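A.B. asks: turn this into a model:
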Amino acid sequence: MKKIVFGLLTTLTVITYSCNNNASNKQTAEQTPTTQLAEDNTEVKMVKASFTNVDAGVATYMKQLTDNYLQIKNALVGGKAEEAGNAAKKLSAAIKGFDKSLLAADQKKVYDQYEAGLKENAEHIAQSSNNLEHQRERFADMSEGLYAVVKAFGGGKTLYHDHCPMAKNGNGAMWLSETKEIKNPYFGEKMMECGEVEEEIQ
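C.D. replies: Modelled structure (predicted):
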């Protein structure tokens, strides 16, 4: 009888240990995909320009437009309204000097949707060298337009589409950057790191 009881106790001990061990393994296995899923959710979406057959003159113009825009962005990050205004003047001049005959018909149709808005916002930023907040408001609108143009034609370099949910009184606003590091043009040093990278545009 003692042998039977001892045998039963031994069997129960082994079963209990095995169940606990399996539960532990199961928990570990369930945690791993959750961690990977969280990492997957933070991945940056890769975007390539829609038009691959862009004229060399158009490509040069798009790079100039992007460079002028980035000068405005960097000036706003630093809270330098006068620098932002000067860069906006260059962007406005670039738009005025662009030969649209270099665009194919389908390309012109896309570009024409955003040209007037880019020009208007550039002029407002240029004329507001003593009003940083107004420049930032106009920059938010400009960013939307340039984002669409860059997605269509490319910007001559890798760009990052950033978004800050706190900008524009909590309505959120986006901007383009040449670096992955977040430097917020809407708040500057007040909230320099507010935002996240949403896309990488080639």
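
A.B. asks: doesn't W175 belong to a helix?
C.D. replies: No - the assignment for W175, made by DSSP: H, G, I helix; E, B strand; the rest coil, is strand rather than a helix.

A.B. asks: what's the closest non-adjacent residue to it?
C.D. replies: Leaving out its chain neighbours, the residue that sits closest to W175 by Cβ to Cβ, 6 or more residues apart in numbering is S143, at 4.6 Å. Any C-beta I mention is one placed from the backbone N, CA and C, and that applies to glycine too.

A.B. asks: are we agreed that that neighbour is in a helix?
C.D. replies: Yes - under three-state DSSP, S143 sits within a helix.

A.B. asks: quick one: contacts for it?
C.D. replies: Neighbouring residues of S143 by Cβ atoms under 8 Å, 6 or more residues apart in numbering: 69, 173-176.

A.B. asks: H163 sits in which helix or strand?
C.D. replies: H163 belongs to strand 159-164 when assigned by DSSP states H and E.

A.B. asks: nearest residue to the residue positioned nearest the centre of the chain other than its sequence neighbours?
C.D. replies: The centre of the chain sits closest to H161, judged by Cα atoms, centre = their mean, with a distance of 2.1 Å. Computed as Cβ to Cβ, 6+ apart, the closest residue to H161 that is not its neighbour in sequence is E199, at 3.9 Å.

A.B. asks: buried set for the one helix or strand the one you found maps to?
C.D. replies: According to DSSP H and E, E199 maps onto strand 196-201. For strand 196-201, a neighbour-count test (16 or more other Cβ atoms under 10 Å) marks 197, 199, 201 as buried.

A.B. asks: distance to E120 for these - can I get that in JSON lines?
C.D. replies: Shown next, in JSON lines, are the buried residues of strand 196-201 (distance: Cβ to Cβ, whole Å):
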{"residue": "V197", "distance to E120": "28"}
{"residue": "E199", "distance to E120": "25"}
{"residue": "I201", "distance to E120": "23"}
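
A.B. asks: what's the closest of those to E123?
C.D. replies: I201 (25.5 Å; Cβ to Cβ).

A.B. asks: now for the strand holding E199, which elements pack on it?
C.D. replies: Using 3 or more Cβ pairs under 8 Å, 6 or more residues apart in numbering; DSSP states H and E, the elements in contact with strand 196-201 are strand 45-47, strand 159-164.

A.B. asks: for Q107, find the nearest of those.
C.D. replies: Of all the helices and strands packed on strand 196-201, it is strand 45-47 that lies closest to Q107, at 17.6 Å by Cβ to Cβ.

A.B. asks: paired strands for the closest one, with orientation please.
C.D. replies: Strand 45-47 sits in its sheet next to strand 196-201 (parallel), going by DSSP bridges.

A.B. asks: ok, back up a step: farthest pair within the contacts of S143?
C.D. replies: Maximum pairwise distance among the contacts of S143 (Cβ to Cβ): 14.5 Å, between Y69 and A173.

A.B. asks: rewinding a little: out of the contacts of S143, which one sits closest to T60?
C.D. replies: For those, the minimum distance to T60 (Cβ to Cβ) is 15.0 Å, reached by Y69.
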